[in-house]
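J.: sequence and predicted structure below; questions after.
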Amino acid sequence: MEYFLGVDGGATSTALAMCDREGRVLGIGRGGPSNHILAPGGEERARSAVLNALNGALAAAGLDRPAFEAAHFGMTGISRDSEPARAFAAVVGPLLTARIMRIESDASVALAGALACRPGVVVIAGTGSVSLGRDPQGQEARAGGWGYLFGDEGSGFALGLGGVRAALHAHDGTGPSTVLETEIPRQFGRSLGEIPLLFYEGRVQRPEIAALASAVTAAAAAGDPVAVSLVNTGAEGLAAIAAAVVRRLTWPDGTAAVAPVGGVFRAGSVILAPLKTAIAARAPGAVLVPPRFEPAVGALLLAMQAAGVAHSPERLALLAATWELRSRT
């Protein structure tokens, strides 16, 4: 039997899935963050994340280290044939056997999953943010993805940081009153004044600040004006990068599907409604569509594609059904 492996690795977690040639998902595993492999401790962090996810998927599938026909990794902070990609290959190569191994960005597997390898654009808002698109001619364009200091507009970190700032300003009396002054520390589990200190000391990392985005979106959904402003600003930033990608590519029928992917969008209409409006204003041909598959399934699709396996409707349907089934266990 032929086996395929797909991995989506990011700043918060790593998801790994394996399937057979028919598209039957056999196992799903999860590990910790696997980003920035060239940073201090990055290699060990990536090794641990992938190994934990691999062991979890193998246990779920009842398999013992099979040889994979193809393995595709989509990793934050990595582009194809780059120095980080080579470093990552050196780390994960000894962990598994694969006839074909491909390593590229997490945005690429998000795009493949969201649109089932069809042309279109993905706008990602997780811990960070980025947009990637591919038109019917096969041309690609990218915008955003410059990290928390230089970009990441509309990301979980940007929203969480904005929420902490707004709460601190309300506390000091330098900004308007907002429920975030109580909701941010309540969700975080520490006093408001401790949050900046813990971050500066390195005891709180970006994913933990990004997790506070849910407090901001919940406050916005409840009508808090400060939170609404933060969410609308985030939506504008995400629309800007998605629209930039749409405009740089060629769409023969004048329309481009744009799929939102990432934890920020779990908030639903409070972020999706302003995003839809902002994208339409910047790129009238853009149409917001729900993502079809998770990024890890996109990695599986790219692994199968690398081995010459076609994405038939039957195979896609089986992937969808068995992914949902395995996700529950």
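T.: Great, that's in hand.
J.: going by C-alpha atoms from here, please, whenever you check contacts or count neighbours.
T.: Noted.
J.: for stretch 271-286, which positions count as buried?
T.: 271-272, 274-276, 278-280, 282-286 (16 or more other CA atoms under 10 Å).
J.: can you redo these as JSON lines with pLDDT and secondary structure?
T.: Shown next, in JSON lines, are the buried residues of stretch 271-286 (pLDDT from 0 to 100; DSSP: H, G, I helix; E, B strand; the rest coil):
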{"residue": "I271", "pLDDT": "98", "secondary structure": "helix"}
{"residue": "L272", "pLDDT": "98", "secondary structure": "helix"}
{"residue": "P274", "pLDDT": "98", "secondary structure": "helix"}
{"residue": "L275", "pLDDT": "98", "secondary structure": "helix"}
{"residue": "K276", "pLDDT": "97", "secondary structure": "helix"}
{"residue": "A278", "pLDDT": "97", "secondary structure": "helix"}
{"residue": "I279", "pLDDT": "96", "secondary structure": "helix"}
{"residue": "A280", "pLDDT": "94", "secondary structure": "helix"}
{"residue": "R282", "pLDDT": "96", "secondary structure": "helix"}
{"residue": "A283", "pLDDT": "95", "secondary structure": "coil"}
{"residue": "P284", "pLDDT": "91", "secondary structure": "coil"}
{"residue": "G285", "pLDDT": "92", "secondary structure": "coil"}
{"residue": "A286", "pLDDT": "96", "secondary structure": "strand"}
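J.: kindly indicate which of these lies nearest L301.
T.: L301 has its nearest neighbour among the buried residues of stretch 271-286 in A286, at 24.4 Å by CA to CA.
J.: circling back to that earlier point, any chance of the buried residues of stretch 271-286 in CSV, plus distance to A71?
T.: Shown next, in CSV, are the buried residues of stretch 271-286 (distance: CA to CA, whole Å):
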residue, distance to A71
I271, 34
L272, 33
P274, 37
L275, 34
K276, 35
A278, 37
I279, 34
A280, 37
R282, 37
A283, 35
P284, 37
G285, 35
A286, 32
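J.: correct me, but R24 touches T322?
T.: Yes - at 6.0 Å, R24 counts as touching T322 under the criterion of CA atoms under 8 Å.
J.: please tell me how far L149 sits from L161.
T.: Separation of L149 from L161 (CA to CA, to the nearest Å): 12 Å.
J.: so the two - more neighbours on which side?
T.: More crowded of L149 and L161, by other CA atoms under 10 Å: L161, with 20 against 7.
J.: and the strands in the stretch 51-200 of the chain?
T.: For the stretch 51-200 of the chain, applying DSSP state E, counting those that start in this stretch gives strands covering 67-75, 97-105, 120-125, 129-134, 140-144.
J.: who wins for proximity to G254 among the ones you listed?
T.: Nearest of those (CA to CA): strand 120-125, 11.8 Å.
J.: pLDDT of that closest one, averaged?
T.: Mean pLDDT, strand 120-125: 97.
J.: re the thing from before, and the furthest pair within the buried residues of stretch 271-286?
T.: Largest pairwise distance in those, by CA to CA, is 20.1 Å, between I271 and G285.
J.: for this protein, name the helix or strand with the lowest mean pLDDT.
T.: For the chain, using mean pLDDT, DSSP states H and E, the weakest element among its helices and strands is helix 83-92, scoring a mean of 87.
J.: list of residues touching that helix?
T.: H36, I37, L38, E43, A46, R47, V50, G77, I78, S79, I103, E104 (CA atoms under 8 Å, 6 or more residues apart in numbering).
J.: what about burial for the residues you listed, which qualify?
T.: H36, I37, E43, A46, R47, V50, G77, I78, S79, I103, E104.
J.: on the three-state scheme, the first one is what?
T.: Think H36. Three-state assignment for H36 (DSSP: H, G, I helix; E, B strand; the rest coil): coil.
J.: sweet, I'm off.
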